[in-house]
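Undergrad: let's see this in three dimensions:
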Amino acid sequence: MTNQVYQQLEDYMLSCMGDSAHDKEHIYRVLYNALEIAVTQQSVDYDVLICACLLHDIGRKEQFENPQLCHAQVGAEKAYRYLVDHGFAEDFAAAVRHCILTHRYRNHNIPETIEAKILFDADKLDATGAIGIARTLLYKGQVSEPLYHVNEEGRVLDGAEDSEPSFFQEYKYKLEKVYSHFYTQRGAEIARTRQQAAADYYSSLFGEVCFSYENGVQELAKRLEA
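TA: Below you'll find the model as predicted:
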């Protein structure tokens, strides 16, 4: 890929980004993660991989405005149309579309090519460890979702069986489980080095929140008249 082509794709990516948890720095981290993984694989088409990494989240705006949409599906089609309209070969555009379509964790579309598997792993790495916690908190704040929920008895729910979205629910649904779902050995290796940091943060936060409720509810009851 030439510098000129890279700049063209980067400029298009930048024109589509507006989500603080999925900003341009997320894109660059995914790209750099992908290159780290790619050197351990064989027969990687780096042009397809770089292009797919740059464009993998260009459908985020549409999903944010309409949560019924899937940003992977929207982004895959946007990328395909953009590439074909700007003179890229159809088979190249189709390969990039497949990578973007299959990169999402909440997705039934399975990555089949090595480039798609690398993108999947590179994107998932940005949901691991401390960076994964930070990005999730950013996103939850952006969409006005709470840290946790409390049941009718005043007990803080840990997220495992929550039906309503929250940070704790997202941790139990995705962040805690993401470490077992990697396609490449290198991706899994990097993820394992980050796993404990995320687990420790969740455990500390849950414990601190529970402490406040367990002691505070009792103290409040003492101070209120029947």
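
Undergrad: pull out the buried residues from the worst-scoring helix or strand of the chain on mean pLDDT.
TA: The weakest-scoring helix or strand in the chain, judged by mean pLDDT, DSSP states H and E, is helix 60-65 (a mean of 84). By neighbour count, and taking 16 or more other C-beta atoms under 10 Å as the criterion, the buried residues in helix 60-65 are 60-64. (Glycine included, C-beta is placed from N, CA and C.)

Undergrad: which one of those residues sits closest to Ala191?
TA: Of all those, Arg60 has the smallest distance to Ala191: 22.7 Å, by C-beta to C-beta.

Undergrad: identify the residues contacting the closest one.
TA: The contact partners of Arg60, by C-beta atoms under 8 Å, 6 or more residues apart in numbering, come to 16-19, 22, 71, 75.

Undergrad: drop anything exposed from these.
TA: Using 16+ other C-beta under 10 Å, the buried members of the contacts of Arg60 are 16-17, 19, 22, 71, 75.

Undergrad: from those residues, pick the one nearest Gln142.
TA: The nearest one, if we look at those relative to Gln142 and count by C-beta to C-beta, is Asp19, at 7.1 Å.

Undergrad: show me the shaky parts of the protein.
TA: For the chain, applying pLDDT under 70 flags the ranges 20-21, 107, 225-226.

Undergrad: what's the domain layout of it?
TA: Following the assignment in automatic domain parsing, the chain carries domains at 1-116, 127-226.

Undergrad: export the buried residues of helix 60-65 as TSV, with columns for distance to Lys177.
TA: Below are the buried residues of helix 60-65 laid out as TSV (distance: C-beta to C-beta, whole Å):
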residue	distance to Lys177
Arg60	22
Lys61	27
Glu62	26
Gln63	21
Phe64	24
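
Undergrad: excluding its backbone neighbours, what's nearest the residue nearest in space to the middle of the chain?
TA: Compute the mean C-alpha point of the chain, and by C-alpha atoms, centre = their mean the closest residue is Ala127, 5.2 Å away. Counting by C-beta to C-beta, 6 or more residues apart in numbering, the nearest residue to Ala127 once its immediate chain neighbours are dropped is Val178, at 5.4 Å.

Undergrad: surely the one you found touches Ala188?
TA: No - when contacts are counted by C-beta atoms under 8 Å, Val178 is not listed as touching Ala188 (10.6 Å).

Undergrad: which positions within stretch 46-55 qualify as buried?
TA: For stretch 46-55, a neighbour-count test (16+ other C-beta under 10 Å) marks 47-55 as buried.
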